[in-house]
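*Asks:* make a model of this:
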Amino acid sequence: MSEKTLRNTRPYTAEGFPEPISSPEAQKLLWDSEQTAAHLAGQPVPALPADESGEDLLDRHEAAAECGVGVTTWNTYKRDPAVAAYLVQVGGVEHWPRHAVRSFRDSRPGRGSARAGGRPQGSGDMVPREQILERVSELLDQNPAVTAATVMDELGIAMTTATAHLATVRGRHIADLLQDESGLTSVQAAEQLGYPKITHRRALPAADTEQRVRAARPYVQSVIDALAAAGYAEPAQADVTQLGSGALAAAARLVEGAPAPALVWDERFGWRTATSRRHPIGKNTDTRPEGPGIRYLGRDEAASAAAVIAALQD
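*Replies:* Purely as a prediction, here's the structure:
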């Protein structure tokens, strides 16, 4: 039958139809193909494997439960390279092998003790910087109205750092909900997540930025993948970031012997070469970078990967 007929008749709700294998909280349901085929053929429906396996694919609800955290925190965890490398799309739904989820869970350091009064002047961060977003996400799971002062005390970080990271994580969670539930506005998503109105001033712009980053990431990733396939770059995850000017940018570090140390994509100017592999984007991002070693690879801000590689080779 057609998809339209399937949606209208909903045969999967009939008595005796196999139960979905998705987690109970999942919005997009999945069924086991062997069970479904057997049912439709009038044959005995085989049982699902009873034992857990490291190769079991877990959706985000199941992965969060495996780690003992909320789904919003898992949405932060999944960006870690140790997890992102194992991402599997099944029917358009993100899944991760159980062994990868457990390995990530077991390798995470302990929480440590809270530091009263915030961070003493001159001391280092109590929590490593690369773990701050994860820990902030955990605190938001426990209390959506958590304040920057509480985050500062719990994690031993500066107030400005706590404020910025709270806005970033709230923005990501709002973007996650907007992605899952079409029809919501950003304000409705923030309210549904329990974020106080006083936090919307920072969280809503952060959500807008996160949505723009997610929209740009597949394109940047396609160019980085093509550069790696052509031998100009090592395989890497696209890291799209917002510059001080508000524009989005990303860098692709090239291998030794390539025509340039790195390439930079700026949504205003397209792709260009960079003179530094360590700091390819540079500090002055308000104006169009110019100078020796900087060459723009065409005028199209969304040039195809083939066009970027051809311009690099020219």
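*Asks:* Thr72 reaches Asp141, doesn't it?
*Replies:* Yes - with contact defined as C-beta atoms under 8 Å, Thr72 reaches Asp141; the gap is 5.9 Å. For glycine as for every other residue, the C-beta is placed from the backbone atoms N, C-alpha and C.
*Asks:* neighbour count: these two, which is higher?
*Replies:* Between Thr72 and Asp141, counted using other C-beta atoms under 10 Å, the more crowded position is Thr72 (22 against 18).
*Asks:* and that one, helix, strand or coil?
*Replies:* helix (DSSP: H, G, I helix; E, B strand; the rest coil).
*Asks:* got the contact list for it?
*Replies:* With contact set as C-beta atoms under 8 Å, 6 or more residues apart in numbering, Thr72 has these partners: 137, 140-141, 173, 176, 193.
*Asks:* domains of the chain?
*Replies:* Following automatic domain parsing, one finds the domains of the chain at 3-40, 57-107, 216-313.
*Asks:* quick one: end-to-end distance for the second one.
*Replies:* Looking at domain 57-107, the gap from its leading to its trailing residue is 20 Å under the measure C-alpha to C-alpha, to the nearest Å.
*Asks:* ok, now the last one?
*Replies:* Domain 216-313 has its terminal residues 24 Å apart, counting by C-alpha to C-alpha.
*Asks:* what's the answer for stretch 242-250, then?
*Replies:* The straight-line separation of the ends of stretch 242-250 (C-alpha to C-alpha) is 9 Å.
*Asks:* run the chain-centre distance for the least confident helix or strand in the chain by mean pLDDT.
*Replies:* Of all helical and strand segments in the chain, the minimum by mean pLDDT, DSSP states H and E falls on helix 71-77, at a mean of 84. Using C-alpha atoms, centre = their mean, to the nearest Å, the mean C-alpha position of helix 71-77 is found 9 Å from that of the whole chain.
*Asks:* any buried residues in the very next helix or strand once past that helix, and which?
*Replies:* Downstream of helix 71-77, the first helix or strand assigned by DSSP states H and E is helix 81-84. Within helix 81-84, the residues scored as buried using 16 or more other C-beta atoms under 10 Å are Val83.
*Asks:* what's stretch 279-291 in contact with?
*Replies:* 243-245, 247, 249, 251, 253, 261-264, 266, 268-269, 272, 274-276.
*Asks:* just stretch 258-266 next, same as before
*Replies:* 220, 223, 227, 232-233, 243, 247-254, 271-277, 280-281, 285, 289, 293, 295, 297, 301, 308, 312-313.
*Asks:* could you pull out the strands for the stretch 201-314 of the chain?
*Replies:* 241-242, 248-253, 262-266, 270-274 (DSSP state E, counting those that start in this stretch).
*Asks:* ok, now the stretch 51-200 of the chain?
*Replies:* Using DSSP E, counting those that start in this stretch, strands in the stretch 51-200 of the chain cover 57-58, 88-90, 93-97.
*Asks:* show me what the longest one is packed against.
*Replies:* So that's strand 93-97. strand 57-58, strand 88-90 (3 or more C-beta pairs under 8 Å, 6 or more residues apart in numbering; DSSP states H and E).
*Asks:* mind redoing it with 10 Å?
*Replies:* strand 57-58, helix 60-67, helix 71-77, strand 88-90, helix 98-107 (3 or more C-beta pairs under 10 Å, 6 or more residues apart in numbering; DSSP states H and E).
*Asks:* right, I'll call it a day here.
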